[in-house]
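Q: Sequence first, then the predicted structure:
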Amino acid sequence: KIGIIGGTGLDDPDILEGRTEKYVDTPYGKPSDALILGKIKNVDCVLLARHGRHHTIMPSNVNYRANIWALKEENCSHVLVTTACGSLREEIQPGDLVIIDQFIDRTTKRHCTLYDGQHSSLSGVCHIPMAEPFCTKTREV
C-alpha cells in the first residue's frame, strides 16, 4: 500500500479510483486531514493533503508525526511525498520534476522526530541517520 502526502496543488483526490475517506487520530494528534483511500491502477493507495484539503496549515504547523503515524497504521509500505520548493542548482528550473536524494530542511518550530522518548511503543530516543534520507530502491523505480 502506497501512502502519498501531497503538497500544494498535488493532493487531488480524483487521482484515486473507488475512494473513501477515513478520519483518524494518533498518539500525536490528528493528521492534516482525512485519509483518502483508493486505488491507482489497481494499487492500494492512501492520499493525505499535507496542508489540509483547504490549504489552511502552514508548513511549520503541519503535524508531520501524526501524518506519518496515520499512514503507518494504515499499513502503507512506502510513502511518496511531493513538495514544491526551490533548488540550489541553476540548471533545475521552476516546473522541473526532480526525484531528490538529499534535502535541506528549512522548516522551523516543529518536532523533527518520532523517536523522542515520548511514545511508549517506540524504542525511546534514537539517533536516525540522514546520510541517505530516501529509499534507493524506490528512487530507482
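A: Received the coordinates, thanks.
Q: in stretch 18-35, what's buried?
A: By neighbour count on 16 or more other Cβ atoms under 10 Å, the buried set for stretch 18-35 is 26, 28, 31-35. To be clear about C-beta, it is placed using only N, CA and C from the backbone, and glycine gets the same treatment.
Q: List of residues touching that stretch?
A: 13, 36-39, 46-53, 57, 62-63, 65-67, 69-71, 73-74, 114, 119, 121 (Cβ atoms under 8 Å, 6 or more residues apart in numbering).
Q: Using CSV, please lay out the buried residues of stretch 18-35 together with pLDDT, distance to Val125 and secondary structure.
A: Listed next are the buried residues of stretch 18-35 as CSV, based on pLDDT from 0 to 100; distance: Cβ to Cβ, whole Å; DSSP: H, G, I helix; E, B strand; the rest coil:
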residue, pLDDT, distance to Val125, secondary structure
Thr26, 95, 19, strand
Tyr28, 91, 16, coil
Pro31, 98, 24, coil
Ser32, 96, 26, coil
Asp33, 96, 30, coil
Ala34, 96, 32, coil
Leu35, 97, 29, strand
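Q: Quickly check these for the two that are furthest apart.
A: Farthest pair in the buried residues of stretch 18-35 (Cβ to Cβ) is Tyr28 and Ala34. Separation: 16.3 Å.
Q: And the strands in the chain?
A: 2-6, 17-22, 35-40, 43-49, 78-81 (DSSP state E).
Q: now the ones you listed as CSV including distance to Ile92?
A: Putting those into CSV (distance: least, Cβ to Cβ, whole Å) gives the following:
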stretch, distance to Ile92
strand 2-6, 21
strand 17-22, 33
strand 35-40, 27
strand 43-49, 25
strand 78-81, 18
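Q: Quick one: mean pLDDT over stretch 44-58.
A: The average pLDDT within stretch 44-58 is 92.
Q: buried ones in that stretch?
A: Buried residues in stretch 44-58, counted by 16+ other Cβ under 10 Å: 45-53.
Q: Closest one of those to Asp101?
A: Proximity of the buried residues of stretch 44-58 to Asp101 (Cβ to Cβ) peaks at Arg50, which lies at 20.5 Å.
Q: Brilliant, that's me finished.
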